[in-house]
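Student: how does the following fold in three dimensions:
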Amino acid sequence: MLRRGLILVSVALIAILGWGLWRSYGPRTPPPDLAAQVDRVDRILIEKSARRLTASRMGQTVLEFDIALGFAPVGDKAREGDGKTPEGLFKVDRRNQNSGYHLSLGLNYPRAKDIARAAEAGIDPGSDIFIHGQPNTLAGALVLPGDWTAGCIAISDTEMETLWRLVDLGTEVEIRP
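Tutor: So this is what the prediction gives:
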């Protein structure tokens, strides 16, 4: 009788453990595709340290992409050629469908304070910071690994097509360290 009780308790414990593991590590129902449900995003957040781009509409995350940055991503952009992606608040100020990369959304860098800081140091602050896809010379769905841009934010071509559809001129872009 005692043995039967131990077996039942053991089976119950195994079942509970299995259920807990399944809930923690089993397949997840994918979240709804909110990017397909909205026609615009009003904010883009770039988190350099997490290598993540998050686009939102009215505070709700619509999409999230992994990113590549400038080849020397730590720190704020100071000068032309430093390989850094700038930090701070920006606006999308131009769209280029004929870019050397698969579509591109230009940011208003350098801002007045960037120009003043660079002038004081006697250096060129750089320019042409974009969110863009992969180089047009790559075939199809290839994505360059690592941080490879000159200071831009790069995503896959498919992701760029989605972002391109959702972003208007004037969209706020925050780039955090």
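
Student: what about stretch 11-27, average pLDDT?
Tutor: Averaging pLDDT along stretch 11-27 gives 67.

Student: and the residue nearest the centre of the chain, bridged to which residues?
Tutor: Centroid check for the chain by C-alpha atoms, centre = their mean gives residue 53 as the closest residue, at 1.8 Å. Beta-bridge partners recorded for residue 53 (DSSP bridges): residue 46, residue 65.

Student: the longest strand belonging to the chain pairs with which strands?
Tutor: For the chain, the strand that runs over the most residues, judged by DSSP state E, is strand 88-96. In the sheet, strand 88-96 lines up against strand 104-107 (antiparallel), strand 172-176 (antiparallel) (DSSP bridges).

Student: residues in contact with that strand: which ones?
Tutor: Strand 88-96 is contacted from outside by 44, 76, 103-109, 111, 129-131, 164, 167-175, using C-beta atoms under 8 Å, 6 or more residues apart in numbering. All C-beta atoms are positioned from the backbone trio N, CA, C, and that covers glycine.

Student: one more pass at 10 Å, please.
Tutor: 44, 46, 76-77, 103-109, 111, 113-114, 128-132, 164, 167-176 (C-beta atoms under 10 Å, 6 or more residues apart in numbering).

Student: picking up where we left off before, need the strands paired with strand 88-96 in a markdown table with distance to residue 121, mean neighbour count and mean pLDDT, can you?
Tutor: A markdown table is the format used below for these (distance: least, C-beta to C-beta, whole Å; neighbours: other C-beta atoms under 10 Å; pLDDT from 0 to 100):
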| stretch | distance to residue 121 | mean neighbour count | mean pLDDT |
| --- | --- | --- | --- |
| strand 104-107 | 21 | 24 | 98 |
| strand 172-176 | 21 | 17 | 98 |
